[in-house]
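>>> got a predicted model here, sequence first, then my questions.
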Amino acid sequence: MILQSDKIYLSKLPTIACCIFISLTSCHNHKEGDNHSHGEEHETIKTDPEDNHEDESSTIAELSEEQIKAVGINFGTIESKELTATLKATGVLKVPNNNKANASSLYGGVIQSLHAQIGTKVKKGQVLATIVNPQFIQLQEEYLTILSKINLAEQELDRQKELVEGQAGAKKNLQNIESELKILLTRKAGLHKQLELMGIKPSQISNSNLKSALLVTSPIPGTISNVFAKIGSYIDVASPVAEIVDNNALHLDLNVFEKDLPLIKIGQTIHFTLTNNPSQEYDATVFSIGTAFENESKTIPVHCAVSGNKSNLIDGMNITAMVSMSKNITTAVPSDAIVESQGKFYIFIVTDKNAETHHEDHHMDHQTEEQDQHQAVVNFEKIEVAKGITNMGYTAITPFSNLPKDVKIVTKGAFFINAKFNTAPGHVH
């Protein structure tokens, strides 16, 4: 006989023949009215229709503090960033010619000493080399000779004036000495100017102080970009000693295609990196847009002033630039904080929610294990987001659900947490 309680219990079992057979056999082994509980004996095969739906905790993952340290997970917050749509372009760094100069001498000579090295910063007027030539001494000797002749001519002029006034001399002699003095004064002025151009002060010239070497100085402040001479070599006006470049005037020439030219505006911000060193970023601002194609290419030069740090920048370097098109303040996270799964994008936030299963019963040893595992863990919730533009390592996001203000998110190591979901559906540890 099947008891009424057994009927109720059997109604909850799946309608599978073998299960009914087991239940009936079990009931047949006990008499009606004994105190044996049939429900407890068959509790291990009891099922619940609710177990068929998806586990509500599948969006929660647990990691121990040891795991977090081991994989290097970092935390941060959702930030408000000014992200911009950008246009990529290439270009080259240039210094205008009026900020470049060659250090040279107006007079030929042999290099006696050289103080110029590539990459050295110099000031205006700083000595870069000395050159020697016997003609330098001859020019100074001639200047001293002219000074002596002028002195004698002035004395003779005074004497002739006295003779003419006393009617003891001819006026013609006075006129000749006046003419000769003018010629000497003219020659003196020319020699005086030449000596100044040579860097020699005429007032300091004397028979015991003749300069045998000339100084070659830097005409502008800047950095030595090239050295053309060496000790013992002969140089003249056509053979400069060194080239100096003032990198403070460095600007950027971008090559922009015709179709993109309407997107460029004066005042736009440029972020650029060196082609051979993309790790460091520099800034520039558009100040001029070309009106003709560059050579035979279909690009137009766009001139930008380099601002801020100019260290390690040299005339002629190739660069890769990002032209900022529009600015928007938006919620953003580091790009590494976003993971993709089955065509959707997610971030992970730290949550107080627990990753619990909905089974009604657990063995005591399993409960102890669960408690031990939850003693030092951090819970992460998987939040779906929509991605926006990416710029400078940040990506704009729009969460599909409301998030608490200043919620803590995973900024590094999100891929590891996502792997936990992929390997352990439902209850995740």
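Received the coordinates, thanks. Bear in mind that the values here come from a model prediction, so they are computed numbers and not experimental data. Numbers count the residues shown, from 1 in each chain.
>>> could you list the domains of this structure?
Structural domains assigned to the chain are 4-47, 53-81+331-423, 84-97+246-327, 103-243, following automatic domain parsing.
>>> with mean neighbour count and mean pLDDT added, can I get those domains in TSV?
Yep, even glycine has a C-beta here, placed from its N, CA and C like the rest. Converted to TSV, those look like this (neighbours: other C-beta atoms under 10 Å; pLDDT from 0 to 100):
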stretch	mean neighbour count	mean pLDDT
domain 4-47	11	41
domain 53-81+331-423	15	77
domain 84-97+246-327	15	83
domain 103-243	15	88
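>>> output the contacting helices and strands for the one helix or strand residue 283 maps to.
Using DSSP states H and E, residue 283 maps to strand 277-289. Packing partners of strand 277-289 (3 or more C-beta pairs under 8 Å, 6 or more residues apart in numbering; DSSP states H and E): strand 251-257, strand 269-274, strand 299-307, strand 318-334.
>>> columns distance to residue 351 on top of these, output as TSV?
Converted to TSV, the helices and strands packed on strand 277-289 look like this (distance: least, C-beta to C-beta, whole Å):
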stretch	distance to residue 351
strand 251-257	47
strand 269-274	36
strand 299-307	44
strand 318-334	16
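>>> nearest to residue 202 among those strands would be which one?
Between residue 202 and the helices and strands packed on strand 277-289, the shortest gap by C-beta to C-beta is with strand 251-257, which sits at 41.9 Å.
>>> specify the beta-bridge partners of residue 122.
Following DSSP bridges, residue 122 is listed with bridge partners residue 222.
>>> how close does it get to residue 225?
11 Å (C-beta to C-beta, to the nearest Å).
>>> between the two, which contacts overlap?
With contacts defined as C-beta atoms under 8 Å, 6 or more residues apart in numbering, the residues shared by residue 122 and residue 225 are residue 244.
>>> got the contact list for the residue nearest to residue 303 when sequence neighbours are not counted?
Excluding the flanking residues, the one nearest residue 303 by C-beta to C-beta, 6 or more residues apart in numbering is residue 288, at 4.1 Å. With contacts defined as C-beta under 8 Å, 6+ apart, the neighbours of residue 288 are 266, 302, 303.
>>> what residue is smack in the middle of this structure?
With the centre of the chain defined as its mean C-alpha position, the nearest residue by C-alpha atoms, centre = their mean is residue 281, 0.7 Å away.
>>> contact partners for that residue?
Counted by C-beta under 8 Å, 6+ apart, residue 281 has contacts 271, 272, 273, 392.
>>> also residue 100?
243, 244, 245, 246, 315.
>>> wait, the third one touches residue 99, no?
Right, the one you point to is residue 245. Yes. Residue 245 lies in contact with residue 99 (C-beta atoms under 8 Å); the separation is 7.0 Å.
>>> could you name every residue contacting both of the two?
With C-beta under 8 Å, 6+ apart, residue 245 and residue 99 have common neighbours residue 222.
>>> coming back round to it: looking at the contacts of residue 288, spot the one nearest residue 419.
Using C-beta to C-beta, those come closest to residue 419 at residue 302, 45.3 Å.
>>> beta partners for the closest one?
residue 254, residue 289.
>>> so who does it touch?
89, 91, 253, 254, 255, 256, 264, 286, 288, 289, 290 are the contacts of residue 302 under C-beta under 8 Å, 6+ apart.
>>> and the next helix or strand past the biggest helix by length in the chain?
Selection of the longest helix in the chain by residue count, based on DSSP state H, yields helix 134-165. Going down the chain from helix 134-165, the next helix or strand is helix 171-197, by DSSP H and E.
>>> so what does that next one touch, helix or strand wise?
Helix 171-197 packs on helix 134-165, going by 3+ C-beta pairs under 8 Å, 6+ apart.
>>> helices and strands around the helix it packs on, which ones?
Right, helix 134-165 is packed against helix 171-197 by 3+ C-beta pairs under 8 Å, 6+ apart.
>>> quick one: the helix it packs on to helix 134-165, angle?
150 degrees (axes from the mean of the first three to the mean of the last three C-alpha atoms, to 10 degrees).
>>> check the secondary structure at residue 243 for me.
Here residue 243 takes the strand state, with states given by DSSP: H, G, I helix; E, B strand; the rest coil.
>>> state the distance from residue 320 to residue 396.
Distance from residue 320 to residue 396, by C-beta to C-beta: 23 Å.
>>> same question for residue 182.
83 Å.
>>> residue 131 touches residue 214, doesn't it?
Yes. Between residue 131 and residue 214 there is a contact at 5.2 Å, judged by C-beta under 8 Å.
>>> overlap in contacts of those two?
Common neighbours of residue 131 and residue 214 (C-beta under 8 Å, 6+ apart) are 105, 107, 109.
>>> the second one - that's part of a strand, no?
No. Secondary structure of residue 107, determined by three-state DSSP: coil, with no strand assignment.
>>> surely it and residue 198 touch.
Yes. Using C-beta under 8 Å, residue 107 makes contact with residue 198 at a distance of 6.2 Å.
>>> between the two, what contacts are shared?
With C-beta under 8 Å, 6+ apart as the test, residue 107 and residue 198 both reach 136, 214.
>>> now do stretch 394-410: everything it contacts.
73-79, 81, 83, 328, 330-335, 337-338, 345, 347-350, 380, 383-390, 417.
>>> narrow those to those in strands?
74-77, 79, 81, 83, 328, 330-334, 345, 347-350, 380, 383-390 (DSSP state E).
>>> for residue 223, which residues are in contact?
119, 120, 121, 122, 244, 245, 246, 247.
>>> to clarify, my last question referred to residue 191.
Contacts of residue 191 (C-beta under 8 Å, 6+ apart): 139, 142, 143, 146, 202.
>>> tell me how far residue 167 lies from residue 407.
Taking C-beta to C-beta, one finds residue 167 at 116 Å from residue 407.
>>> can you check residue 86 too?
In terms of C-beta to C-beta, residue 86 sits 29 Å off from residue 407.
>>> residue 351 too?
With C-beta to C-beta as the criterion, residue 351 and residue 407 are 9 Å apart.
>>> what do you get for residue 138?
87 Å.
>>> go on, residue 187?
89 Å.
>>> could you do residue 298 as well?
49 Å.
>>> kindly report the same for residue 397.
Spatial separation of residue 397 from residue 407 under the definition C-beta to C-beta is 12 Å.
>>> can you give the distance of stretch 237-255 from its chain's centre?
23 Å (C-alpha atoms, centre = their mean, to the nearest Å).
>>> with that, I have no additional questions.
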